[in-house]
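Chemist: when you get a sec, could you give me coordinates for this:
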Amino acid sequence: MKVHIHLNVDHEKKILFESLKPVHGKTFSDILEEGLDACLSIVAPSKLIEEEITQAKAKLMELEQSLMTVRMIEKQQKLEQKVTKQKEDHVDGYLEDMRNQKFEEFKDSTIKLWKKGGINWPRTVDLYQFKNVAEAKEWFARKMAEVDS
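Modeler: Residues are numbered from 1 along each chain as shown. Purely as a prediction, here's the structure:
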């Protein structure tokens with residue numbers, strides 16, 4: 001965590017430092033941190049290492065918490081996918097039952113129209129609740145194969 005520090009610096013040194021920024025590419029914060037690290041490594045190296053360990057532990061805890069959050073999101077997504085699949089299976093089962101019932105109801109006329117090639121596909125798509133004509137034709141082809149066998 002960074003904290004804001006207000007410093008007094010000699011004006012000429014500040015101007016010189018800023019004019020050389022394209023060369024060194026550092027900010028005042030970078031320089032101050034480097035100086036503090038150098039000073040601490042001389043005065044209290046063990047304290048500096050302890051602080052680095054504390055920061056590493058904090059980062060590790062943050063990563064572990066992020067991992068737990070991601071795992072919870074993944075579990076939630078899997079559950080949602082499972083529920084969606086179950087709903088789709090239920091709807092598909094309902095549609096298949098309804099289509100079979102309608103087919104049985106109009107079986108004789110449907111077989112005659114199929115053999116003549118006179119089925120009104122747009123009306124059939126609506127009546128049997130197919131997504132499109134191709135799906136309807138495929139379904140009726142299977143049904144006619146069942147009837148013939």
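Chemist: contacts and neighbour counts: CA atoms only from here.
Modeler: Fine.
Chemist: the helix ranked longest in the chain: how far from the chain's middle?
Modeler: Longest helix in the chain, counting residues (DSSP state H): helix 45-105. Chain-centre distance of helix 45-105: 9 Å, with Cα atoms, centre = their mean, to the nearest Å.
Chemist: show me what that helix is packed up against.
Modeler: Contact partners of helix 45-105 among helices and strands, from 3 or more Cα pairs under 8 Å, 6 or more residues apart in numbering; DSSP states H and E: helix 28-43, helix 121-128.
Chemist: and the ones you listed as JSON lines, adding mean pLDDT, mean neighbour count and distance to K78?
Modeler: Below are the helices and strands packed on helix 45-105 laid out as JSON lines (pLDDT from 0 to 100; neighbours: other Cα atoms under 10 Å; distance: least, Cα to Cα, whole Å):
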{"stretch": "helix 28-43", "mean pLDDT": "89", "mean neighbour count": "12", "distance to K78": "45"}
{"stretch": "helix 121-128", "mean pLDDT": "91", "mean neighbour count": "14", "distance to K78": "32"}
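Chemist: for Q81, find the nearest of the ones you listed.
Modeler: Q81 lies closest, by Cα to Cα, to one member of the helices and strands packed on helix 45-105: helix 121-128, at 26.9 Å.
Chemist: send me stretch 108-123 as CSV with only the CA atoms.
Modeler: What follows is stretch 108-123 as a C-alpha-only set of coordinates in CSV (Å, rounded to 0.1, in the frame of the first residue of the first chain):
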residue,chain,number,x,y,z
ASP,A,108,-53.4,-40.8,-42.4
SER,A,109,-53.6,-37.4,-44.2
THR,A,110,-50.0,-36.6,-43.3
ILE,A,111,-48.8,-39.9,-44.9
LYS,A,112,-50.7,-39.2,-48.1
LEU,A,113,-49.4,-35.7,-48.3
TRP,A,114,-45.8,-36.9,-47.6
LYS,A,115,-46.0,-39.5,-50.4
LYS,A,116,-47.5,-36.9,-52.8
GLY,A,117,-44.9,-34.3,-51.7
GLY,A,118,-47.7,-31.9,-50.9
ILE,A,119,-46.9,-30.9,-47.3
ASN,A,120,-47.2,-27.2,-46.6
TRP,A,121,-43.9,-26.9,-44.7
PRO,A,122,-44.3,-23.3,-43.3
ARG,A,123,-47.6,-24.3,-41.8
